[in-house]
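> Got a sequence here, can you model it:
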Amino acid sequence: MKFLFFLLAISTLFSCSDEIVDEVNNPNNNFNIYLVKSSVEDMLSQDVDLESLQLEDTPWVKSQDIEFYDWSAHAFYLSKELEKEELSARNFVVTSKGKRLFMGVFWPMYMSSFPMIPAVMPEDDWWTPKDVIRFNSFGWPILDKLSDNAEFKSELINADLLREGIDVELLRIKREASTTLEYTFKVSNLESENIYILDPNKMGTHKFHYYTNGVSLQKSGQHYWPQDFDTSESDKIRWEWYYKLSPGKSITRTLEMNGYTSLPYGNVKASFRFPGAHALGEKEWKRSDGRIWIGNYLTEVQLTMQ
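Purely as a prediction, here's the structure:
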């Protein structure tokens, strides 16, 4: 009996030791996303006192559910599917080791107002798989503030969850006519694994422009964007439309876009959104030799119209 008790004690000791070792060896063990229990009085404000919020006891997303965070897409890639639609207009808080990093909101796309905090579209399953949580800017520079959140990035690095993703540059714009613009962009892989990206050379310009509005311009307080441009509707992404971008490599593409009104000359501020994968099933982003990039990369630059 004493020997049996001794074995049980040793077993318990090693079990506890394993838990301690596991917690030490898994720095992302406490990286979670909690739902806020009650509605926040100013649910869209950046100035909410995070410590005053009452959070649900159990995380909505647990640390073991998170595979990594893509900084270029501002998206959590998960190991499980999540339903988001029933969470419309609810707030959430991202935490690390119990520290509250920032608050966000599930904001439906049909709302007329825009949140000034990171937002997740609850009904975006067509745009983003259920095993990916992607923050949206809704046209406001909120993602820039998230990109400037050094504490958030540091916590992701410490948890070994950070992936840099891709970089997109708008290199050149050329005025073909008053209504037609030619633009050149470059996409680079910043990671150590292959990343699959949509390639306009493979899918065609009109299908590519179905997923992005291309280039918009600003000059002297006036805005120029394509309004009635040529597109080809597509409700499903085809595998052959992807380009496998190797680690450290880049591709450059030149496209033509119409639908503008009286394009300007000279120096302009140009904005371009590079689209990620849409209409994917769950786990289709994970490939045997890499992954598919899912996001909406905004790049802005001062250029001279050629």
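
> use CA for all of it now, contacts and neighbours both
OK.

> buried set for stretch 173-183?
Neighbour-count burial for stretch 173-183, counted by 16 or more other C-alpha atoms under 10 Å, picks out 173, 174, 175, 179, 180, 181, 182, 183.

> Now do it: everything it contacts.
Here stretch 173-183 makes contact (C-alpha atoms under 8 Å, 6 or more residues apart in numbering) with 170-172, 184, 215, 254-265, 303-306.

> Just the terminal-to-terminal distance for stretch 236-256.
23 Å (C-alpha to C-alpha, to the nearest Å).

> Can you tell me what sits against that stretch?
Residues from elsewhere that reach stretch 236-256, judged by C-alpha under 8 Å, 6+ apart: 180-203, 205, 277-280.

> so of the buried residues of stretch 173-183, which ones are in helices?
Judged by DSSP state H, the buried residues of stretch 173-183 include no members of helices.

> Now do the contacts for the nearest residue to residue 62 once chain neighbours are set aside.
Leaving aside its chain neighbours, residue 62 sits nearest to residue 32 (4.9 Å; criterion: C-alpha to C-alpha, 6 or more residues apart in numbering). Shown in contact with residue 32 (C-alpha under 8 Å, 6+ apart): 59, 60, 61, 62, 63, 94, 95, 96.

> Separate out the buried members of these.
In the contacts of residue 32, the ones that pass as buried (16+ other C-alpha under 10 Å) are 59, 60, 61, 62, 63, 94, 95, 96.

> so of the residues you listed, which ones are in strands?
Members of these lying in strands (criterion: DSSP state E): 94, 95, 96.

> and the second one, what does it touch?
Put plainly, it is residue 95. Applying C-alpha under 8 Å, 6+ apart to residue 95 gives the contacts 30, 31, 32, 33, 34, 101, 102.

> ok, then the element right after the strand or helix carrying the residue nearest to residue 62?
Here residue 32, judged by DSSP states H and E, is contained in strand 31-35. With elements assigned by DSSP H and E, the helix or strand that comes after strand 31-35 is strand 66-70.

> Averaged pLDDT, that following strand. What do you get?
Throughout strand 66-70, pLDDT has a mean value of 96.

> how big is the angle separating that strand from strand 31-35?
Per axes from the mean of the first three to the mean of the last three C-alpha atoms, to 10 degrees, the angle that strand 66-70 makes with strand 31-35 is 90 degrees.

> Low-confidence regions, the stretch 51-200 of the chain specifically.
Applying pLDDT under 70 to the stretch 51-200 of the chain flags the ranges 112, 123-127, 137-142.

> What are the boundaries of the helices in it?
In the stretch 51-200 of the chain, the segments counted as helices under DSSP state H, counting those that start in this stretch are 142-147, 150-158, 200-203.

> Show me the contact partners of the last one.
The reference is to helix 200-203. Contact with helix 200-203 is made by 207, 208, 240, 241, 242, 243, 253, as judged by C-alpha under 8 Å, 6+ apart.

> For those, pick the one with the most neighbours.
When neighbours are taken as other C-alpha atoms under 10 Å, the top entry among the contacts of helix 200-203 is residue 208 (24 neighbours).

> Now that residue: closest residue in space, sequence neighbours ignored.
residue 200 (5.5 Å).

> can you tell me how far the one you found sits from residue 301?
Look at residue 200 and residue 301: by C-alpha to C-alpha, they are 21 Å apart.

> more crowded one of the two?
residue 200 (18 against 15).

> any idea how far that one lies from residue 243?
According to C-alpha to C-alpha, residue 200 and residue 243 sit 9 Å apart.

> quick one: the residue lying closest to residue 36 once chain neighbours are set aside and residue 284, what's the gap?
Once flanking residues are discounted, residue 36 sits nearest to residue 55: 4.4 Å by C-alpha to C-alpha, 6+ apart. Distance, residue 55 to residue 284, by C-alpha to C-alpha: 32 Å.

> distance between the strand holding residue 32 and the chain's centre?
17 Å (C-alpha atoms, centre = their mean, to the nearest Å).

> Go through that strand and flag the buried ones.
31, 32, 33, 34, 35.

> Please convert these to CSV, extending it with pLDDT and distance to residue 143.
Formatted as CSV, those follow (pLDDT from 0 to 100; distance: C-alpha to C-alpha, whole Å):
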residue, pLDDT, distance to residue 143
31, 91, 20
32, 96, 20
33, 96, 18
34, 96, 20
35, 95, 20
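
> And these, which is closest to residue 296?
residue 33 (22.1 Å; C-alpha to C-alpha).

> In contact with the closest residue to that closest one other than its chain neighbours, which residues?
Closest residue in space to residue 33, ignoring its immediate chain neighbours: residue 94 at 4.5 Å, by C-alpha to C-alpha, 6+ apart. Residues near residue 94 by C-alpha under 8 Å, 6+ apart: 31, 32, 33, 34, 100, 101, 102, 103, 104.
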